[in-house]
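**Student:** Dropping a prediction and its sequence here:
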Amino acid sequence: MSDRIVRAITSDGMVQAAAISSRDLTERARQIHKTLPVATAALGRTLAGCAMMGNALKGQGASLTLQIKGTGPLGTILAVSDPAGNVRGYVANPQVDLPLRPDGKLDVGTAVGAEGGTMTVIKDLNMKEPYVGTVDLLGGEIAEDIASYFVESEQIPTACGLGVLIERDQSVRAAGGYLIQLMPGADEDTITRVEGGVLAAGNVSAILDKDPDPEHLLKTVLSDFDVKILESDPVEYKCYCSRERVLGALASLSADDLASLREEQKDIEVRCQFCDAVYNFTPEEIAALNTPKEEEKE
């Protein structure tokens, strides 16, 4: 089954929810960045969370960036989603390898490093300034950190579950997650039923391993509610880099940096941090890049 995001609401209108099945896009990220299992799990969870958050945005050209700056060996984890939920991302140190936790699970929390770390969400809605919210990391397992962001920055009671299951050959067997949010007016009974459903459902990756349909995941977690599916959309690992965009980025360099590149008189290689695409530019192309300040001097 290809990757999908579903959005839903309960029949009483008190709970809105989203779920994603993201095995393929997580495996694509693993292949691009050559991640070892704990990095694959951390990046995969971040991609799934970012995709669901981005999919909630409206407006062409909008984007959501999810940045995790932990104090663990993985370093920065970053993901960017468009309003369709298509997502791209990277982890600073993809070759990190840690022993399994005593319970046999990947030690994502230690690899991320919560103490002193932060999570930042940037929503670019094509307005004058993007919305930026930052919270301290709770445990570094990512799902609880995303829930904490919604509670602290947007005052939305949220439950989040994310999971990545790794095969023995280090490929991705299952990946995805859910976001469940209470609407204004939700009473204590609704909260209790949501909490009970989350606890009863258990491990996200185990559910997706048995059935990769995100609708099934959502209805498993919200088993005590009548769930109405509003949307079901395909998603993928998608990078928007191009030769033109990279050339535009080079043109935005300072006059001194551009002058230094021109003096080298050799081809410049630029590698995209999201998809590993390589773009080469000749000395002639670099020489043609002039900043306004340089043109004024001439």
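**Tutor:** Perfect, thanks for sending it.

**Student:** Please give the element, helix or strand, for residue 144.
**Tutor:** Secondary structure from DSSP states H and E places residue 144 in helix 143-153.

**Student:** who touches that helix?
**Tutor:** Under the contact criterion Cβ atoms under 8 Å, 6 or more residues apart in numbering, helix 143-153 has outside partners 45, 49, 53, 66, 68, 114, 119, 121, 133-135, 137-139, 156-162, 177, 179, 181. Bear in mind the C-beta positions are built from the backbone N, C-alpha and C, glycine included.

**Student:** Equivalent analysis for stretch 277-290, please.
**Tutor:** 239, 241, 243, 246-247, 250-251, 253, 258, 261-262, 264-272.

**Student:** Next step: these restricted to strands.
**Tutor:** 268-271 (DSSP state E).

**Student:** And those, which is closest to residue 97?
**Tutor:** Closest approach between the ones in strands among the contacts of stretch 277-290 and residue 97, by Cβ to Cβ: residue 271, at 23.5 Å.

**Student:** Run a quick neighbour tally on that closest one.
**Tutor:** Using other Cβ atoms under 10 Å, residue 271 is surrounded by 11 other residues.

**Student:** Give the full set of residues in contact with the most centrally placed residue in the chain.
**Tutor:** The centroid of the chain falls nearest to residue 47 when counting by Cα atoms, centre = their mean (2.9 Å). Taking Cβ under 8 Å, 6+ apart, we find residue 47 in contact with 22, 25-26, 29, 79, 87, 89, 237.

**Student:** Just the buried residues from those residues, in ChimeraX please.
**Tutor:** Here is the ChimeraX command that selects the buried residues among these (16 or more other Cβ atoms under 10 Å):
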select :22,25,26,29,79,87,89,237
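
**Student:** Next, format the contacts of residue 47 as CSV and append secondary structure, distance to residue 37 and pLDDT.
**Tutor:** Shown next, in CSV, are these (DSSP: H, G, I helix; E, B strand; the rest coil; distance: Cβ to Cβ, whole Å; pLDDT from 0 to 100):
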residue, secondary structure, distance to residue 37, pLDDT
22, coil, 16, 98
25, helix, 17, 98
26, helix, 12, 98
29, helix, 13, 98
79, strand, 18, 98
87, strand, 20, 98
89, strand, 17, 98
237, strand, 18, 97
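
**Student:** Among the contacts of residue 47, which one sits closest to residue 214?
**Tutor:** Nearest to residue 214 among the contacts of residue 47, with distances taken as Cβ to Cβ, is residue 22, at 8.8 Å.

**Student:** ok so, going back, by neighbour count, sort out the buried ones in the ones in strands among the contacts of stretch 277-290.
**Tutor:** 268, 270.

**Student:** Show me which of the ones in strands among the contacts of stretch 277-290 is closest to residue 105.
**Tutor:** residue 271 (33.0 Å).

**Student:** any idea how far the residue nearest to the centre of the chain is from residue 184?
**Tutor:** Using Cβ to Cβ, to the nearest Å, residue 47 is found at 30 Å from residue 184.
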